[in-house]
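[1] Dropping a prediction and its sequence here:
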Amino acid sequence: MDPTASIALWSGLFLATHIVVSSSLVRPRLIAAIGEQPYRGVYSLISFATFIPMLIVFAYHKHAGPMLWNFRDLEPVRGMAQILMLLALIFLVAGLINPSPALVSMSGPPTPRPPRAMLKITRHPSFIAFILFGFAHLLMNGWLGDIFFFGCFPALGIIGGIHQDQRKIRELGDSYRQFVAQTSFFPGAALASGRQHWSRADTPWTAILLGIGLTIVIVIFHPIMFGGMPLR
């Protein structure tokens, strides 16, 4: 198979399986048939069964296909890519430290706490991290195969966030609906609209410091770990 087509195929399978297996048509039926914990195991197995081949195919055929854009020599764009990666890592770490209620398994009537810290910026910091990661690498990789590979991360982040909100509203009802009303998916929208108010106590210093540290490590070791041009 053509390398570009192989990357597109596995990227599409990775994205499609996430959407289909967690959809409102498939997920409840699987949980009813095998239970919630086994379902999570099946979901993880399917995810790895598509993610690992996608990584392998891309590793062997990186920069496949025609180049549709080339911003690699433009320092402002390179700087933008670095900033996006820094923000992606900060959002990712913040999402692990203060996870969204959408990612926390709840049983019985939920009583989520008021949004704080990063959740005042976005209710889906982990998905935003995927989106920023994808856009950062799309700026630096204009080959068609790379676009298929890195493009699936923003697609997963956007579709996953919307889908998760819909599912949690069905499962948790008014409690999660209230959380959605108080927060925003798009970073900063809830703050700009006045639904949330930032305070010094909300600043996620741990996530910021870890994000900066991880960014420095990636900038230094990116050519060794992933090849190609450094991010600096």
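    Now that the structure is in, tell me what you want to look at.

[2] Going by C-alpha atoms from here, please, whenever you check contacts or count neighbours.
    OK.

[3] For the protein, which segments are assigned as helices?
    Ranges of helices within the chain are 3-21, 27-34, 36-60, 75-97, 125-140, 144-172, 174-182, 189-193, 205-226, based on DSSP state H.

[4] Determine which of these approaches residue 115 most closely.
    Shortest distance between residue 115 and the helices of the chain, using Cα to Cα, is found for helix 174-182: 7.7 Å.

[5] Please name every helix or strand in contact with that closest one.
    Secondary-structure packing of helix 174-182 (3 or more Cα pairs under 8 Å, 6 or more residues apart in numbering; DSSP states H and E): helix 144-172.

[6] the domain parsing of this protein - what is it?
    1-61, 63-226 (automatic domain parsing).

[7] now the ones you listed as CSV including mean neighbour count?
    Formatted as CSV, these follow (neighbours: other Cα atoms under 10 Å):
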stretch, mean neighbour count
domain 1-61, 16
domain 63-226, 18
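
[8] Quick one: these as TSV, columns for mean pLDDT too.
    Formatted as TSV, the domains of the chain follow (pLDDT from 0 to 100):
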stretch	mean pLDDT
domain 1-61	88
domain 63-226	88
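
[9] can I get the helices of the chain in JSON lines with distance to residue 115?
    Formatted as JSON lines, those follow (distance: least, Cα to Cα, whole Å):
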{"stretch": "helix 3-21", "distance to residue 115": "27"}
{"stretch": "helix 27-34", "distance to residue 115": "28"}
{"stretch": "helix 36-60", "distance to residue 115": "27"}
{"stretch": "helix 75-97", "distance to residue 115": "12"}
{"stretch": "helix 125-140", "distance to residue 115": "12"}
{"stretch": "helix 144-172", "distance to residue 115": "15"}
{"stretch": "helix 174-182", "distance to residue 115": "8"}
{"stretch": "helix 189-193", "distance to residue 115": "11"}
{"stretch": "helix 205-226", "distance to residue 115": "17"}
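
[10] Pull the contacting residues for the residue nearest the centre of the chain.
    When Cα atoms, centre = their mean is applied to the chain, the residue found nearest the centroid is residue 130 (2.5 Å). Residue 130 makes contact with 88, 153, 154, 156, 157, according to Cα atoms under 8 Å, 6 or more residues apart in numbering.
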